[in-house]
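Asks: make a model of this:
(one chain, ligands or ions: 2)
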Amino acid sequence: MSDHPSDTPPAIAIRDLVKRYAPVGNGEGKLALGGVSFDVPQGKIFGLLGPNGAGKSTLINIMAGMVMKTSGTVEIWGHDIDRDTRNAKASIGIVPQEVVFDPFFTPFEVLENIAGLWGVPKGQRRSEELLRAVHLLDKRDAYSRTLSGGMKRRLLIAKAMVHSPPILVLDEPTAGVDVELRRQLWELVSELNAEGVTVVLTTHYLEEAEQLCDRIAIINHGRVIADKPTRELVGMMGEKLVEITVDRDVSEPPQNSLFTKSEKTGERSICITYDKARVNTGQVLALVQQQGYAIEDVTTREADLEDVFVQLTSADAT
Ligand code: ADP
Ligand code: MG
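Replies: Ligands and ions are numbered 1, 2, ... in the order given. Next comes the predicted model:
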């Protein structure tokens, strides 16, 4: 896969986006986005990852027209959000981080009301189809306040899709959600994507981002520090980790210039990170033995997205 996957125009193009929130008191104001640029390719699932306060929601709220940018440009499906606001808005469905709900309407009524707001003619509404897509058709006429947390989240996704936008954006859809519901939400996102919807999501769950997203941008302190196809990002470090249990207590972890990192992880265990291109597991173990340890047990694994994330964000901390 090449870094820039195709000639089709991007679903979203963001250039030099800056957001400085208005100061409280006589301070400078918080610089939430310090010049962000990236493209979201059409038809993909794009993950926006970053620690709390990185600027993810700010970015999404600018796309949604809910936060005013300071400078820079955003094009959604080819429509500039300043010059062509109406078409830009019509091209995107946003599922916000906060769950807000009107408890007095049924799921069907909720979707019909939104369709009305969007000016979708009665004959072109897809409320039932959407309820089926989010597995809520059997709750069509239930009061929304009786829905479980998971059902409410799914209804929010249906709400975002009422005007049939080609792009769906989900801001932390699974924050504080249990494992089973998270699995259901990801399944739903995958189904929508399989039908051609471009998906952008923010999440803390690196493992799932790794499984779900075709491409990932990592944002930290309002700056993009990585933007790559997921496979390249995961392979980026080319690192491997080996956990070693030895025959006696470890005082200082063994060091060698061929190790990227060596850590004591228990009384008798050591974790060594190394570059696969420079040294292999056998050599690492031999080097540990040379320092007087007998090896009792060994497990190895490839670096995953979490390792990459920790490495990138800690390198960026200064
Ligand atoms: P994330 O979604 O990645 O956690 P946010 O975009 O919510 O990050 O926040 C980015 C930064 O901007 C944080 O430092 C946050 O405190 C600040 N911020 C967010 N919203 C506002 C606001 N309305 N006024 C002032 N500062 C804000
Ligand atoms: Mg957020």
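Asks: surely Leu111 and Arg132 touch.
Replies: No. With contact defined as CB atoms under 8 Å, Leu111 does not count as touching Arg132 (11.5 Å). For every residue, glycine as well, the C-beta is placed using N, CA and C.
Asks: more crowded one of the two?
Replies: Using other CB atoms under 10 Å, the more surrounded residue of Leu111 and Arg132 is Leu111, with 27 against 14.
Asks: now the element after the strand or helix carrying that one, going C-ward?
Replies: Using DSSP states H and E, the element containing Leu111 is helix 107-118. Moving toward the C-terminus from helix 107-118, the next helix or strand (DSSP H and E) is helix 127-133.
Asks: so who does the residue of the stretch 1-150 of the chain found nearest ligand 2 touch?
Replies: For the stretch 1-150 of the chain and ligand 2, the shortest gap (CB to the ion) falls at Ser57, measuring 3.2 Å. Contacts for Ser57 (CB atoms under 8 Å, 6 or more residues apart in numbering) come out as Gln97, Asp171, Glu172, Thr202.
Asks: cool, Val288 as well?
Replies: So Val288 contacts Ile244, Val246, Pro254, Ile270, Ile272, Ile295 (CB under 8 Å, 6+ apart).
Asks: measure it to Gly119 for me?
Replies: As judged by CB to CB, to the nearest Å, Val288 and Gly119 stand 69 Å apart.
Asks: before we move on, what about Gly27?
Replies: For Gly27, the distance to Gly119 - CB to CB - is 42 Å.
Asks: kindly report the same for Pro96.
Replies: For Pro96, the distance to Gly119 - CB to CB - is 21 Å.
Asks: what does Arg125 show for phi and psi?
Replies: Torsion angles at Arg125 (phi, psi; degrees, to the nearest 10) stand at phi -70, psi 150.
Asks: pLDDT at it, what is it?
Replies: Confidence at Arg125, expressed as pLDDT, is 92.
Asks: that one: neighbour count?
Replies: As a burial measure, Arg125 scores 17 neighbours (other CB under 10 Å).
Asks: can you offset everything so residue one is 20?
Replies: Yes, from this point I'll number from 20; that puts the last item at Arg144.
Asks: show the buried residues in the contacts of Ser76.
Replies: Buried members of the contacts of Ser76, scored by 16 or more other CB atoms under 10 Å, are Asp190, Glu191, Thr221.
Asks: do I have it right that the second one meets Val219?
Replies: No. The pair Glu191 / Val219 is not scored as a contact, 12.0 Å apart, by CB under 8 Å.
Asks: CA atoms only: put the top helix by length along the chain into CSV for me.
Replies: Taking DSSP state H as the criterion, the chain has its longest helix at helix 198-213. Only the C-alpha atoms of helix 198-213 are listed here, as CSV (Å, rounded to 0.1, in the frame of the first residue of the first chain):
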residue,chain,number,x,y,z
VAL,A,198,-16.7,-4.7,25.9
GLU,A,199,-19.8,-6.3,24.4
LEU,A,200,-21.3,-3.0,23.3
ARG,A,201,-18.0,-1.9,22.0
ARG,A,202,-17.9,-5.0,19.8
GLN,A,203,-21.4,-4.3,18.5
LEU,A,204,-20.6,-0.7,17.7
TRP,A,205,-17.5,-1.7,15.8
GLU,A,206,-19.4,-4.3,13.9
LEU,A,207,-22.0,-1.6,12.9
VAL,A,208,-19.2,0.8,11.8
SER,A,209,-17.7,-1.9,9.7
GLU,A,210,-21.1,-2.7,8.1
LEU,A,211,-21.7,1.0,7.2
ASN,A,212,-18.2,1.2,5.8
ALA,A,213,-18.8,-2.0,3.7
